[in-house]
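Engineer: With the input below, show me the fold.
(2 chains)
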Amino acid sequence: MSGPFLEVRQLAVSYQAVAALRGVSLHAGEREVVAVLGPNGAGKSTLLNAVVGLVTPRAGEVRLDGEVLTGRSPDQVARRGVGVVPEGRRIFGRLSVEENLRVCPVGSRRRRHEQREVVYALFPALAERSRQLGRYLSGGQQQQLAIGRALMAAPRLLLLDEPSLGLAPAAVEAVFETIGRLREAGVTVVVVEQRVHQTLAIADRAYVLSAGTIRLETTAGGPDADRAIEAAYFGEAHPAGAGG
Amino acid sequence: MTTLLQSLVDGIGVGGLYALESLGIGLLFGIMRLANFALGAVTMAAAYALYVARDLPLGVAVLLAVGVAVLLSLLLEAAVFRRMRSASEAALFIASFAIAFGLENLALVVFGANTRSFSLSPWLARSSDVLGLRISHLSIVTLVAAGTLLLLFSVFLRRTEVGIRLRAAADDFEMTALLGVRAHRLIALAFALSGVLCAAVAVVVVGQLGGVSPGLGSNVVVIALLGAVIGGMDRLSGAAVGGFCVGFVLSLLDSVLPLEVRPFRDAVTVAVVVGVLVFRPQGLLPGGTLTERV
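Structural biologist: As a prediction, the model looks like this:
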């Protein structure tokens, strides 16, 4: 099956009468880090929720490696190799760090044990606190746990919803550094963010989502990417696909 | 002094009994926001299974009761609650109430309104001297059974991966699905486990009452719901502790209250529950909410 690794085609989502996504199309290649930028209420979280099966789109399709994900339940999507770091982290506060990592049932027991060691190597702070309850971790550590937990299934695609939200500056930097390292590990990353500059620094390409439509697609490294994105943010319509 | 000690032993046993039923309530409420009043009907069904199997050996009868309770729980999940996944808490509670009402009336039609008296085992009705105390075998069995089951459940929930998943689901059900946990299976498992707990409760209650009537289950589940509410519904340990406290207080009031007040025992208990809810609406145990940290 040719075509991009992740393909979102003409995705439309409505909540009652309100359209949250109006025909969004985007794609991500294998090992690519793709950013979806946009202001509050642009539909960024709705986009991720539609990909993972939490909301059912009115129209459109999501494919991963050629396989249709649309219409599948969240656990089926997860077992097809999609990991999620949701908005607000949503770690299990009453479970220990180790238990948080043991919730994921994907793969054999032995592979999960090995994967846990991989996560601990990536985040030594979690290894030191493996018996601590999730809710007693700092915000940055909670974010590490949320990422580590999503990695337990050894996903092919990792979706991050505003991973920097509510974190101290040092922790924000650590999160972006981690995303960079994930690419090296062979994971395709789609990160939804409001922080334009830091996200562009680690992304290969970026889309700007505003009022439920893609306003702009750009290669992050392009010389006028920043300016174009800021323009799209503030509502100046640019033709989608410019610079792509 | 002796009677006080005896009441304490009884209280701990009865408390443990309600802790089991409250744990069943907490399990389902934590995972799918269902305050399952129908657990009373499941308990009742298990009790009638014991009645039907009264001439068989006790072990066989108990196994049969467990089977009936588990199957009925799974049936209710598949037939009713699976279709109500996105329903509100209130709708779920009312549905469970309707099921309880329906099953209770079915029992009324099949077995009649009168208490069907029978004895699980003559040995249970006798007493023995334990450390100078005269304690009924039923009290001992209640204590041991409730304690063992609570211990088993606690080990299961803490040490096994499935148990960890159940606790995670009680914390944030949607998130467990996002991690690949098969939601339907986990919910069915929780229903089956609540059925096991109901069967255990049925054995002890039948032993205490020396029979079964259609109202047996709803009496138990009302108290267990109160316990789960004061303990904190969505926390498994909280629900169990709450159930224990209410059962313990009830049992103690039975022996401590003056005779003329005893008919109002349940009113006193509910007053205590109301008091707890006024002063600690989040439940008895501390630290219920996840604190956001930067």
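Engineer: Tell me which other helices or strands the helix ranked longest in chain B touches.
Structural biologist: Counting by DSSP state H, the longest helix found in chain B is helix B:2-32. Secondary-structure packing of helix B:2-32 (3 or more CB pairs under 8 Å, 6 or more residues apart in numbering or on different chains; DSSP states H and E): helix B:39-52, strand B:133-136, helix B:137-159, helix B:161-171, helix B:183-209, helix B:216-231, helix B:236-256. Using the backbone N, CA and C atoms, a C-beta is placed for each residue, glycine as well.
Engineer: And the helix or strand following the fifth one, what does it pack against?
Structural biologist: Going back to what we said before, that points to helix B:183-209. Using DSSP states H and E, the next helix or strand after helix B:183-209 towards the C-terminus is strand B:211-212. Applying 3+ CB pairs under 8 Å, 6+ apart, one finds that strand B:211-212 contacts helix B:39-52, strand B:116-117.
Engineer: nearest to chain A, of the ones you listed?
Structural biologist: Nearest to chain A among the helices and strands packed on strand B:211-212 is helix B:39-52 (23.2 Å), distances taken as CB to the nearest CB.
Engineer: got the CA coordinates for the closest one in PDB?
Structural biologist: Extracted in PDB, the C-alpha atoms of helix B:39-52 (Å, rounded to 0.1, in the frame of the first residue of the first chain):
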ATOM      1  CA  LEU B  39     -26.700  -6.100  43.200                       C
ATOM      2  CA  GLY B  40     -29.500  -6.600  45.800                       C
ATOM      3  CA  ALA B  41     -31.400  -8.700  43.300                       C
ATOM      4  CA  VAL B  42     -28.300 -10.600  42.400                       C
ATOM      5  CA  THR B  43     -27.700 -11.300  46.100                       C
ATOM      6  CA  MET B  44     -31.300 -12.400  46.400                       C
ATOM      7  CA  ALA B  45     -31.000 -14.700  43.300                       C
ATOM      8  CA  ALA B  46     -27.900 -16.300  44.900                       C
ATOM      9  CA  ALA B  47     -29.900 -16.800  48.100                       C
ATOM     10  CA  TYR B  48     -32.700 -18.600  46.300                       C
ATOM     11  CA  ALA B  49     -30.100 -20.700  44.500                       C
ATOM     12  CA  LEU B  50     -29.000 -21.800  48.000                       C
ATOM     13  CA  TYR B  51     -32.600 -22.600  48.800                       C
ATOM     14  CA  VAL B  52     -33.100 -24.600  45.700                       C
END
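Engineer: can you give me the angle it makes with helix B:183-209?
Structural biologist: Relative orientation of helix B:39-52 and helix B:183-209, computed by axes from the mean of the first three to the mean of the last three CA atoms, to 10 degrees: 60 degrees.
Engineer: Mind checking what helix or strand follows helix B:39-52 in sequence?
Structural biologist: Downstream of helix B:39-52, the first helix or strand assigned by DSSP H and E is helix B:58-79.
Engineer: Which positions in that following helix come out as buried?
Structural biologist: Neighbour-count burial for helix B:58-79 flags B:61, B:62, B:64, B:65, B:66, B:68, B:69, B:70, B:72, B:73, B:76, B:77 (criterion: 16 or more other CB atoms under 10 Å in any protein chain shown).
Engineer: Can you spell out which helices and strands pack onto the helix or strand following that helix?
Structural biologist: Once the chain leaves helix B:58-79, the next helix or strand it forms, by DSSP H and E, is helix B:89-111. Under the contact criterion of 3+ CB pairs under 8 Å, 6+ apart, helix B:89-111 touches helix B:39-52, helix B:216-231.
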